[in-house]
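Visitor: Give me coordinates for this.
(chains A, B and C)
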Amino acid sequence: MGRLSDCFSEFMFEYDTPRMVLVRHKKVGIVYRLIQLGVLAYIIGWVFMYEKGYQSVDSVVSTVSVKMKGIAYTNEKNNSRIWDVADYVFPHQGVGSFVVMTNYIETAGQKQGNCTKDGVCKSDSDCEKGKSMEGENGILTGKCVEYKDTLKTCEIFGWCPLEDDYHIPDPPLLMAAENFTMFIKNAITFPRYGVSRSNVVPFNKSCIYHKDTDPLCPIFRLGDLVTMAGFDFRKIAVKGGMIVIGIIWDCDLDWSASHCNPTFNIHGLYGVDSLSTPGYNFRFAKYFVEDRTEKRTLMKVFGIRFDIIVLGMAGKFDIIPTMTTIGSGVGIFGVATVLCDLLLLHFMQRRNVYKSLKFKSAEDEGEAQMITVGGREKATRE
Amino acid sequence: MGRLSDCFSEFMFEYDTPRMVLVRHKKVGIVYRLIQLGVLAYIIGWVFMYEKGYQSVDSVVSTVSVKMKGIAYTNEKNNSRIWDVADYVFPHQGVGSFVVMTNYIETAGQKQGNCTKDGVCKSDSDCEKGKSMEGENGILTGKCVEYKDTLKTCEIFGWCPLEDDYHIPDPPLLMAAENFTMFIKNAITFPRYGVSRSNVVPFNKSCIYHKDTDPLCPIFRLGDLVTMAGFDFRKIAVKGGMIVIGIIWDCDLDWSASHCNPTFNIHGLYGVDSLSTPGYNFRFAKYFVEDRTEKRTLMKVFGIRFDIIVLGMAGKFDIIPTMTTIGSGVGIFGVATVLCDLLLLHFMQRRNVYKSLKFKSAEDEGEAQMITVGGREKATRE
Amino acid sequence: MGRLSDCFSEFMFEYDTPRMVLVRHKKVGIVYRLIQLGVLAYIIGWVFMYEKGYQSVDSVVSTVSVKMKGIAYTNEKNNSRIWDVADYVFPHQGVGSFVVMTNYIETAGQKQGNCTKDGVCKSDSDCEKGKSMEGENGILTGKCVEYKDTLKTCEIFGWCPLEDDYHIPDPPLLMAAENFTMFIKNAITFPRYGVSRSNVVPFNKSCIYHKDTDPLCPIFRLGDLVTMAGFDFRKIAVKGGMIVIGIIWDCDLDWSASHCNPTFNIHGLYGVDSLSTPGYNFRFAKYFVEDRTEKRTLMKVFGIRFDIIVLGMAGKFDIIPTMTTIGSGVGIFGVATVLCDLLLLHFMQRRNVYKSLKFKSAEDEGEAQMITVGGREKATRE
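Guide: Okay, here's the model as predicted:
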């Protein structure tokens, strides 16, 4: 018995289980069972079924490429013009964040030099040399010159003629943009599970996305997108705006990956109705050389900026969250015992009876010594 | 004894531990120990060692910049040309998502006007005015005009001459792109732990990345990347494609941060073999003014789009996941007792003996009253 | 009693609670209570209060748009020039990753042809035809030609004249960039909670961000950003650099969403002081046609690249993490019992007494049979 192997075999072959007091008490019993039932319902119903607590989750990694189609015709100042993809999409390469031009102010043939703009001065001393103008068009040369009849204004050095962006064309010049289409390719991977998917499944090449009738078509009409974002195309096209296209992959990989399809969530950010956010515009220039002089055509572009954001979570059965959920669930079961003990030992009429049944006292000193020795004798006799 | 301080000292100095039945039963004992061993092995081996359940994790925040090098020589239609970085990379600024041109169709000197394309019409009524053409090159002027011998076709208003992209140059014009190199700088931070790293460690400036021999070199040869992505350069260069370069930082910050180095994972998305995904191309235009007229050179660019995606997780010891793991582990231990009790009290021959040992009954009424009083007397006698 | 409904009502109305040994032992009691207190303090104080273990968390989804303002004046080689937004920002559209030019090397009027660069050769055999030059400017034509006095050098075919980027202008040409301002709009959403916020709250339009005095102003002065990133503007502007603007949303949505405001964290990546990272530059070209020949103006742009990175976590009360925390906390409480049992049953003087109180033995065979039968008799007598 004193040897190690005996100890080990004794350890291996013994099992200890707590001794319990079985209380047949309707009230406490029902409270106990109800708490247990609640905990069980919560763990199985809510955590396991609804929140899928038996799954580990992984975020999506994705790439997006976009291709626009459509042409617009403008006839500004009797100058007919066709705008195609190379003219109205910025940048060209088809990334997930881009601007589609819907309106513009063109300032053709600018070159570096001196020119004037509205404004009034009396003498050169009113025009501080080197100061930059309100509106950021150039710097003052320090001269006060005539520009209209007898009016005088400060001379400016910069790209001349200066841009006049006070009057924004309305209706917007590229109203035809409403019918442009956008083909979105989105390839995703859940790296943890090695699952890859694409939003481009075999589809009718002439389909157009519609929330209800064609929710998997990857081709979007610009006008539809604007409507879905809650804007009026006619209004937003004038000053521009910003639309976020969310592609949401919410996949349960305990099922076949072929059930894993995206949903689209379109919402607008800056519209014409919000005062603090004046649309969306930017300037760019087309440079050229004419008569040995560098010139540029400055474009102030108003457009709709699209940001394609891919969100996604995939869940799959995993032993660790399962065990953690079960483990902490068992822990919560213990709360039922704690609460019922509280009820039984402190609030029931016969609480002292229950106390004496539940607890066996082992005093530390004096009398305790005797009692516990007696207890031991008795215990060994058992 | 009735005073509060007594109560408190009594509470402070007392310890209660469950009373157990010690069952020496080989079968149940072994089942019990095996379950305990399994749980222990799972918690220590799997959750702690393998899955590092004692760590909290943080995702990576990163910036990428890229620099291409290399020149290509083309001799199309006896027109010698050198292509350098400014000519073949889009966009220029060196961001993590860009396209390297490998092939192109150039339509030089386009200007707004009327022109024709293949097609047949009999009279003006066949050409609906304002309708846009298949292939999106312009709109019909409404006239049916002669274009070749006696053939007639609809006149188109748009950028003329129209692009003819039916014949894609094969072999690709910039085959030399195979030898271009790409220098990738990637700086990362794990904000939660305040750890920053870069993939650019002191290195041989003439190194070329190789999976096995030089896995930390930040310079990649384009041809190698294409091969690693599973494509044939000669084929993909014709119509373009898409390659994802994953930079994966998987760091255990319980060790020195200098052990935290990236691995590269290259895979392709759209290749020439997949029918539904016709390569990668986009159009852009170089605008200029000639003879007071705005003209443009339209480029249909076929190229390889690279998306550099940085993924990363860092783990570091943290008390909370450690305690949560231990806590739920202790909970799972309780499962062993539940299972063995089930076995012992319901499936063993002498189950009634064990039941009587484990449970002490406290009936609610009548007889129970007497019994429990007796029980109490006995308990107090102990 | 044998019927199912009896069994069920028996099950429903009974409650079992473990029988305990109550040990009044100062040392063990204090150890027990201290451990319990520690666990309680850890769970309530640390996990619940400090780490907000009762909350579920969600990451941010965001869009960024940027608008630069400011003009610069250069007077290189007596050639006055104004640079405005369309000239110095790449790309133009106002995305969250862009470069602001601070210095440049312009090579005007390049066209495809033959030219020379410094270097020495003796005969054509020194110039291997088709080889690309160091520095990547073109390919050798195979001819050794005179270029300065009697010196000979290899002829190169490429964009001529060749770029000479050996001398970088210092002081930087666009020192005025220090006073440019950047207006950052950042709209975010926490999709799980349906909460959207923007960094643009009603603000004084002429405000400038300052960490302490105006931390919510969305307008940044470039010079300030460079200083906050730890660089010297005068130095970084020469060769370029990289600055990361982190916008951090750390929101507790148990409070009103209006308390959820961003903080800005600016840090630099590649500066002039670090030897291995030679600033930030890229090349781009402005193409034009002159005398029926395509020409280009090559710009080597040195600039500051800004990457705006949005980080964010929102926490909100959720029942599942709360229950998991409580459940695993209860589990950890069990550790106190395990430790104190170890102390009580193995290290105390009277450990045998406690053992006999805690454990009741049920042997498997022989004598055990008798004892347990006795035990049963006794139990039934109770």
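
Visitor: how about the residues of the stretch 151-300 of chain A that lie near chain B?
Guide: Selection of the stretch 151-300 of chain A residues close to chain B by CB under 8 Å from any CB of the partner chain yields A:185, A:187, A:191, A:200, A:202, A:286, A:288, A:289, A:290, A:295, A:297. C-beta: built from backbone N, CA, C; applies to glycine.

Visitor: List buried residues within those.
Guide: A:185, A:187, A:191, A:200, A:286, A:288, A:289, A:290, A:295, A:297 (16 or more other CB atoms under 10 Å in any protein chain shown).

Visitor: SS state for the last one?
Guide: Counting by DSSP: H, G, I helix; E, B strand; the rest coil, the backbone at residue A:297 sits in strand.

Visitor: Does stretch A:109-116 reach chain C?
Guide: Yes. Using CB under 8 Å from any CB, stretch A:109-116 reaches chain C at residue A:112.

Visitor: With only the CA atoms kept, save that stretch in CSV.
Guide: The C-alpha atoms that make up stretch A:109-116 are tabulated as CSV, following Å, rounded to 0.1, in the frame of the first residue of the first chain:
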residue,chain,number,x,y,z
GLY,A,109,-6.0,76.9,-72.7
GLN,A,110,-4.7,78.2,-69.4
LYS,A,111,-1.1,79.3,-69.4
GLN,A,112,1.2,80.9,-66.8
GLY,A,113,0.8,84.7,-66.9
ASN,A,114,-0.9,87.8,-65.5
CYS,A,115,-4.6,88.3,-65.6
THR,A,116,-7.4,89.8,-63.5
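
Visitor: What distance do you get for the nearest residue to residue A:129 once chain neighbours are set aside to chain B?
Guide: Closest residue to residue A:129 apart from its sequence neighbours, by CB to CB, 6 or more residues apart in numbering or on different chains: residue A:142 at 3.1 Å. To chain B, residue A:142 is 32 Å away according to CB to the nearest CB, to the nearest Å.

Visitor: dump the residue contacts of residue A:142.
Guide: The contact partners of residue A:142, by CB atoms under 8 Å, 6 or more residues apart in numbering or on different chains, come to A:124, A:127, A:128, A:129, A:130, A:155.

Visitor: re the thing from before, what about chain C: which of the buried ones among the residues of the stretch 151-300 of chain A next to chain B touch it?
Guide: Applying CB under 8 Å from any CB to these, those adjacent to chain C are A:288, A:289.

Visitor: Output the buried ones among the residues of the stretch 151-300 of chain A next to chain B as CSV; include the columns secondary structure and pLDDT.
Guide: Formatted as CSV, those follow (DSSP: H, G, I helix; E, B strand; the rest coil; pLDDT from 0 to 100):
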residue, secondary structure, pLDDT
A:185, strand, 90
A:187, strand, 89
A:191, coil, 86
A:200, coil, 83
A:286, strand, 91
A:288, strand, 89
A:289, strand, 88
A:290, strand, 86
A:295, strand, 91
A:297, strand, 92
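
Visitor: Let's have the buried ones among the residues of the stretch 151-300 of chain A next to chain B in JSON lines, adding distance to residue B:237.
Guide: Formatted as JSON lines, these follow (distance: CB to CB, whole Å):
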{"residue": "A:185", "distance to residue B:237": "20"}
{"residue": "A:187", "distance to residue B:237": "21"}
{"residue": "A:191", "distance to residue B:237": "28"}
{"residue": "A:200", "distance to residue B:237": "23"}
{"residue": "A:286", "distance to residue B:237": "30"}
{"residue": "A:288", "distance to residue B:237": "31"}
{"residue": "A:289", "distance to residue B:237": "33"}
{"residue": "A:290", "distance to residue B:237": "37"}
{"residue": "A:295", "distance to residue B:237": "37"}
{"residue": "A:297", "distance to residue B:237": "34"}
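
Visitor: which of the buried ones among the residues of the stretch 151-300 of chain A next to chain B sit farthest apart?
Guide: Across those, the longest distance by CB to CB is 53.5 Å; it joins A:191 and A:290.

Visitor: The closest residue to chain C within the stretch 101-250 of chain A: neighbouring residues, count only.
Guide: When scored by CB to the nearest CB, the stretch 101-250 of chain A has residue A:158 as its residue closest to chain C, at 4.3 Å. Using other CB atoms under 10 Å in any protein chain shown, the number of residues around residue A:158 comes to 27.

Visitor: ok now do it, which residues does it touch?
Guide: Contacts of residue A:158 by CB under 8 Å, 6+ apart are A:112, A:115, A:137, A:138, A:139, C:71, C:82, C:84.

Visitor: and if you look at residue A:161?
Guide: Here residue A:161 is in contact with A:107, A:109, A:110, A:115 (CB under 8 Å, 6+ apart).

Visitor: among those, which are in strands?
Guide: Among the contacts of residue A:161, the members falling in strands (DSSP state E) are A:107, A:109, A:110, A:115.

Visitor: My understanding was that the second one contacts residue A:294; is that so?
Guide: In this case it means residue A:109. No. Using CB atoms under 8 Å, residue A:109 makes no contact with residue A:294, being 11.2 Å away.

Visitor: secondary structure element for the closest residue to chain B within the stretch 251-382 of chain A?
Guide: Taking CB to the nearest CB, chain B has its nearest neighbour within the stretch 251-382 of chain A at residue A:327, 3.0 Å off. In the assignment (DSSP states H and E), residue A:327 maps to helix A:319-346.

Visitor: mind showing which ranges of the stretch 1-150 of chain A have poor pLDDT?
Guide: A:1-2, A:133-136 (pLDDT under 70).

Visitor: quick one, helices of it?
Guide: Remark: helices assigned in the stretch 1-150 of chain A by DSSP state H, counting those that start in this stretch are A:4-13, A:26-40, A:85-88.
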